[in-house]
Structure formats: structure tokens, C-alpha cells
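# What shape does this take:
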Amino acid sequence: MDEVGAIVLDITESADPRLTTKEMLQEMLRRMLRIRFFDECATTIQTGSIVGPVHNSIGQEAEIVGACMALRKDDYMTGNHRSHGHPIGKGVGLGPLMAELLGKVTGVCRGKGGSMHLAAFEVGSLGESGIVGGSMPAAAGAALSARLRGTDQVCLCFFGDGAANCGPFHESLNLASVWRLPVIFFCENNGYGMCTPQAKTTSVPDIASRAASYSMPGVIVDGQDVLAVHDATSKAIARARAGNGPSLIEAKTYRYCEHQEGVVYPPYRSEEEVSKWREKDPIETFIARLLKMRACSSEEVDAIRSQIQVEVEEALLFARQSPLPRPEAVFEDLFV
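The predicted structure is shown next:
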């Protein structure tokens, strides 16, 4: 593919169908860089600024953006404990997200959610859960809501390989299949549950193979290839909108960081393994592809990098200058 026009990229169901193919590709790069720079910043300021644990997605940007940009703005999405990137991929502004990490009132959840519980209803981000597998039943519920209301909305449910061994995974996939719910179960398989390799906890090498047990398609995709992920997710979304039920997508990806920032874990992977995956860095390989396809020039790439770096710096400044919630706010946003 030497010319951008030669790329087959279905953007009719994406976040902004008004974008041309070239604009879409550049927007993918922007969102991937936003996730990378945002998480690098969160890692840097964690000590002294962020209360609670921080789990970043450095290395997993392609699967996040590829999947999220296949959605419409009114589609739903649920995440997990490693989910700073998901609302960024769906189009949420960096300022309110950074403010949430710092517990400020201008945060997406008024400072009450923090790093592991981001939500932004205006773009369909229903929230995240620090409980492994905890958001999967909620995703099925959101899909059921769309079905009962007669809309063609879908729900994209992110979860890790560890969650595929939890009860909510099997219960949610089974019910979604029985009721033919418009939900896409998206496994971000980075190979490890904390510091335990998947092979030591999972009876099958591929999570996607479990889809057969629930009568739905199971697709494996290269999670470091944003376009491959976008294509696979777009097909699953089209299937769900047509009333043909759920799909299970497994993106093979990798996190360069530790499970949680600021925690020293016993050695569980080699430097050679990490280096091998870094050679397939999702951002750098995508940039190389854009240059080859003439979808971006080197100058444009540099300008985009600089722009996103400024966005992150401004988001941090916004967060630091924002006020903390009033003490009495603890009684707000309650059912009773």
C-alpha cells in the first residue's frame, strides 16, 4: 500500500464519519499518542499527586484506538482497571480525565472515581471496574437496554485475559448469546495476569476459542496493528447492529510497564521478551506505515507529537489548578 487511497478502511460507522480516510488515519495517530503521553505523565506524577494505584496501557494503544474508533459516539463502552486509554480512544478530553486522576471536582466523575473508575456518559463510556471481569455483566445490560429501547446501539466491552477465567465472563457471554445481544466482548490479551503468564492460568492458548462454547464468532487479531483491530471490530459491530448477536475478539497485545506503577514485582519476564515486543511498538510501526502510504509527512508527524504533548501539559495544569471536592459533596450522587 503506497497510497492512502489504496487503503480499505470503512469509516461509515466510526466516531466521526465526516472524516476522510487520511484524516481518520491521522486521528488514530493522535489518539494513540494521547494515550501514550497521558499514561507517561500519570506515571511521572503518581507519587504525591494521585491517590491509589495507577495501571497504564503503554504498548496497548493500537488495540484501544482501533476498537474505539470503530464505534459511533452514541455507542456504549465499558472498561477495566487498566482503562485510562479507553475514554481517550472514545474521544474524551484529557483535562477532565487528568483531573479525575487527581481527585478534582472538574474530573469526569467529580473526583470520586479516580484512576480505575472513569466514566463519561456523553460519549457512551459507562464506567470501569477495578473488579476483574466486573464490567462484563454491565456491558450485557447496556446491550439489552439498546435492544429493549429499539435502538441500533452496541456496547464494546474491554477486559483482560485474566478476566476470561472469571465467572462473569462465562455468564455474560452465555446470556448475550442466548438473547442475541448487540455486545462485542473485546479481550486485551497482554499475556499476563499481574505477573503470571497466561499459560499458567488458562487451559487454552487462545481466549477466542472459547467463543465456540457460546455460539458466537471468535476472532484473533494483532493488537499492535490499529487498522487490523479497527477492521475486526467494525465487522463485529456491523453483525451486532444487524441483530445477529455478540462476538468475541481477542487482541494479542503487550504492556511494556509493570502491572501497577510504583510496585516492585519479582522477575517474571525477560528483557529479551520486552525488547522483542518493543520492536513492534504500535505507534512507531503505525507511523512508518503512514509515511509509506503518504498519509502523513515527517513534518506532520512531528507537529502531531508536539500538539499532543502540549495537550497533556495543559491537561495537567488544568487538573492541578482545579479545586478539590467540598467535604459535603460526599453526600451527593447517592441513591439514598
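
# hey, let's count contacts and neighbours off CA atoms from now on
Noted.

# OK, contacts around Leu97?
Contact partners of Leu97, counting by CA atoms under 8 Å, 6 or more residues apart in numbering, are 84, 107-108, 118.

# so can I have a markdown table of those showing pLDDT?
Output for the contacts of Leu97, formatted as a markdown table (pLDDT from 0 to 100):
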| residue | pLDDT |
| --- | --- |
| His84 | 91 |
| Gly107 | 95 |
| Val108 | 94 |
| Leu118 | 91 |
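
# Need the max-distance pair from those.
His84 and Gly107 (12.8 Å; CA to CA).

# where are the low-confidence patches of the chain?
Low-confidence segments of the chain (pLDDT under 70): 1-20.

# Tell me which helix or strand comes right after the longest helix along it.
Determined from DSSP state H, the single longest helix within the chain is helix 21-49. As assigned by DSSP states H and E, the chain's next helix or strand after helix 21-49 is helix 61-68.

# re the thing from before, packing partners for the longest helix of the chain?
helix 61-68, helix 85-90, helix 282-293, helix 298-321 (3 or more CA pairs under 8 Å, 6 or more residues apart in numbering; DSSP states H and E).

# show me the contacts for the most centrally placed residue in the chain.
In the chain, the C-alpha closest to the average C-alpha coordinate belongs to His86, at a distance of 3.2 Å (CA atoms, centre = their mean). Neighbouring residues of His86 by CA under 8 Å, 6+ apart: 64-65, 68, 79.

# Pull the residues that contact the helix or strand where Val229 lies.
Taking DSSP H and E as the definition, one finds Val229 inside helix 226-241. For helix 226-241, the external contacting residues (CA under 8 Å, 6+ apart) are 9-10, 13, 28, 62-63, 65-67, 69-71, 152-154, 181-184, 219, 221-223, 245-247, 249, 251, 282, 286.

# buried subset of those residues?
Using 16 or more other CA atoms under 10 Å as the burial test, the contacts of helix 226-241 include 9, 28, 62-63, 65-67, 69-71, 152-154, 181-184, 219, 221-223, 245-247, 249, 251, 282, 286 as buried.

# Please report the distance of Glu61 from Leu324.
The spacing between Glu61 and Leu324, counted by CA to CA, to the nearest Å, is 30 Å.

# In the contacts of His86, find the pair that's most separated.
Maximum pairwise distance among those (CA to CA): 13.2 Å, between Val65 and Gly79.

# what about Pro325, neighbour count?
By the criterion of other CA atoms under 10 Å, Pro325 has 16 neighbours.

# List the contacts of the closest residue to it other than its chain neighbours.
Spatial nearest neighbour of Pro325, chain neighbours left out: Val105 (4.9 Å); criterion: CA to CA, 6 or more residues apart in numbering. By CA under 8 Å, 6+ apart, Val105 lies in contact with 99, 111, 322-325.

# What is the nearest of these to Ile308?
Nearest to Ile308 out of the contacts of Val105 is Ala99 (CA to CA; 17.1 Å).

# what's the burial count for that closest one?
Neighbour count of Ala99, defined by other CA under 10 Å: 30.

# Would you confirm that it contacts Pro323?
No - using CA atoms under 8 Å, Ala99 is not in contact with Pro323, being 9.4 Å away.

# hey, what's in contact with both of those two?
Both Ala99 and Pro323 are contacted by 105-106, under the criterion CA under 8 Å, 6+ apart.

# Quick check: the gap between the nearest residue to Leu118 once chain neighbours are set aside and Gln260.
Leaving out its chain neighbours, the residue that sits closest to Leu118 by CA to CA, 6+ apart is Gly127, at 5.4 Å. Computed as CA to CA, the Gly127 to Gln260 distance reads 20 Å.

# Those two: who's more crowded?
Gly127 (24 against 15).

# name the element that one belongs to?
strand 125-128.

# elements contacting that strand?
Using 3+ CA pairs under 8 Å, 6+ apart: strand 125-128 touches strand 76-79.

# Now do the strand it packs on: everything it contacts.
For strand 76-79, the external contacting residues (CA under 8 Å, 6+ apart) are 86, 123-129, 135-136, 138-139, 142, 153-159.
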